[in-house]
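Give me a 3D structure for the following:
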Amino acid sequence: MDVQHFTRITAFIEARLSPLFAAETGSESGFAMDDTSRALRALRNAVLEASAVKGLIEQRAAAEPAVRRVIDQSVEHHWDVLRGIARQWEDHPDFVREFKRHAWELDGAPAAG
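The predicted structure is shown next:
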């Protein structure tokens with residue numbers, strides 16, 4: 001699993017969410033206090049939080065074995081969060097098969113360009 005996997009899945013999800021913040025959706029651009037705006041902000045925050053694990057991947061190689069195991073667990077957990085969100089758009093033409101895979105299935109497989 002590499003940083004590119006997280007970059008690609010985050011970009012895919014953000015591309016689905018960003019238009020929902022438009023005023024045309026009736027959610028006051030996602031920044032009001034209506035339920036739609038709150039839900040959009042919560043979902044976007046979850047995506048941003050899960051994608052922040054990218055920084056840990058870069059530290060993994062130099063980490064001690066015990067820390068490496070914690071990093072691996074964190075990466076797997078956050079990938080599962082993003083994977084679950086992305087799969088809501090499984091029928092979207094930009095959805096790629098890699099977004100369905102488990103973290104361990106991506107080990108040693110660099111993200112496609």
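
contacts, neighbours, all on C-alpha from now
Fine.

Relative to R83, how far out is the residue nearest to A103 when sequence neighbours are not counted?
Among residues not flanking A103 along the chain, E76 sits closest, at 5.4 Å (C-alpha to C-alpha, 6 or more residues apart in numbering). Distance from E76 to R83, counting by C-alpha to C-alpha, to the nearest Å: 10 Å.

Next: E105.
13 Å.

quick one: buried residues of the longest helix seen in the chain?
Ranked by residue count and defined by DSSP state H, the top helix of the chain is helix 65-86. By neighbour count with 16 or more other C-alpha atoms under 10 Å, helix 65-86 contains the buried residues 68, 71-72, 74-83, 85-86.

Equivalent analysis for stretch 30-40, please.
30, 36-37, 40.

Can you tell me which of the buried residues of helix 65-86 is nearest A50?
Of all these, A50 sits closest to H78, with 4.9 Å by C-alpha to C-alpha.
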